[in-house]
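Asker: 3D, please:
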Amino acid sequence: MTTSSLPDWVFPPPGGFVAEDLDDLPNLPAHTELIDGSLVFARAQASFHAMIVDLLAAGLRGAAPDELRVRREMSVVLGRDQRPEPDLVVLKAEALGDGRETFYEAKDVVLAVEVVSPESRSRDRERKPALYAAAGIPHFWRVEGEAGEPVVYVYERDPATRAYALTGIHHDRLKLTVPFDLDVDLSGIHRL
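Answerer: The predicted structure follows:
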């Protein structure tokens with residue numbers, strides 16, 4: 001394949017891509033993220049990934065207070081060259097537009113959730129949490145699959161350090177009081 005047959009967006013502009021570029025680049029693959037000015041492409045999801053996102057989305061929607069909403073696979077602008085796409089976000093209802101929005105602002109996000117996949121392990125465990133915390137998102141969950149069972153690592157942002165602190169590791173049941181009361185039977189993944 002010659003470089004002339006590649007789309008123009010394969011070659012980053014000087015200084016890298018910026019957040020608004022994701023809305024303007026033609027024929028960009030679905031679920032493309034912008035991390036540190038570089039485009040990051042997603043692989044096809046494993047069944048575990050889809051099921052745990054469904055389970056958590058249902059639990060969050062059922063428990064979220066009226067002033068919050070749950071969205072899946074929507075990008076969040078964290079800065080000029082940062083626009084990741086968490087698997088789930090909980091955001092302020094007042095941030096919703098007319099349904100045509102393609103991203104949300106970090107200031108409106110209360111919780112970001114990432115389900116770790118083999119190809120995204122470093123990003124989901126290290127880079128994205130650091131970016132979310134620096135952008136001021138108060139809560140972060142990282143979901144791992146261990147022998148086919150979900151394990152949810154729950155973090156809360158320390159405003160003094162601007163970093164996340166681990167507040168719990170949940171195996172069979174995710175029962176929390178922040179950011180709101182929530183009780184999810186994680187074994188429910190086997191009934192989906």
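
Asker: Take stretch 102-111, keep the C-alpha atoms, and write them as CSV.
Answerer: In CSV, the C-alpha atoms belonging to stretch 102-111 read as follows (Å, rounded to 0.1, in the frame of the first residue of the first chain):
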residue,chain,number,x,y,z
THR,A,102,-20.7,14.3,20.1
PHE,A,103,-18.8,14.9,23.3
TYR,A,104,-19.2,16.2,26.9
GLU,A,105,-16.9,18.5,28.9
ALA,A,106,-14.9,17.2,31.8
LYS,A,107,-16.5,19.7,34.2
ASP,A,108,-19.9,18.0,33.7
VAL,A,109,-18.7,14.4,34.3
VAL,A,110,-19.1,12.9,37.8
LEU,A,111,-17.9,9.4,37.0
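
Asker: How far does the helix or strand harbouring Glu114 sit from its chain's centre?
Answerer: According to DSSP states H and E, Glu114 maps onto strand 109-115. Taking CA atoms, centre = their mean, to the nearest Å, one finds the center of strand 109-115 at 5 Å from the center of the full chain.

Asker: what does stretch 55-74 give?
Answerer: 13 Å.

Asker: Excluding chain neighbours, give the residue nearest to His171 in space.
Answerer: Val151 (5.7 Å; CB to CB, 6 or more residues apart in numbering). All C-beta atoms are positioned from the backbone trio N, CA, C, and that covers glycine.

Asker: Okay, and the beta partners of that neighbour?
Answerer: Val151 has these beta-bridge partners by DSSP bridges: Glu144.

Asker: just checking, it touches Val143?
Answerer: Yes: using CB atoms under 8 Å, Val151 is in contact with Val143, at 7.1 Å.

Asker: higher neighbour count, the two?
Answerer: Per other CB atoms under 10 Å, whichever of Val151 and Val143 has more neighbours is Val143, with 24 against 17.

Asker: Apart from its chain neighbours, what residue comes closest to the more buried one?
Answerer: Nearest in space to Val143, with sequence neighbours left out and distances taken as CB to CB, 6+ apart, is Val115 at 4.5 Å.

Asker: That neighbour: what's it in contact with?
Answerer: Val115 makes contact with 49, 52-53, 87, 124, 143, according to CB atoms under 8 Å, 6 or more residues apart in numbering.

Asker: now Ala19
Answerer: Ala19 neighbours (CB under 8 Å, 6+ apart): 34, 77, 79-83, 103.

Asker: Mind putting these into a markdown table with distance to Val110, pLDDT and secondary structure?
Answerer: Compiled in a markdown table, the contacts of Ala19 are given as follows (distance: CB to CB, whole Å; pLDDT from 0 to 100; DSSP: H, G, I helix; E, B strand; the rest coil):
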| residue | distance to Val110 | pLDDT | secondary structure |
| --- | --- | --- | --- |
| Leu34 | 22 | 95 | strand |
| Val77 | 16 | 98 | strand |
| Gly79 | 19 | 96 | strand |
| Arg80 | 23 | 96 | coil |
| Asp81 | 24 | 96 | coil |
| Gln82 | 18 | 97 | strand |
| Arg83 | 18 | 98 | strand |
| Phe103 | 16 | 97 | strand |
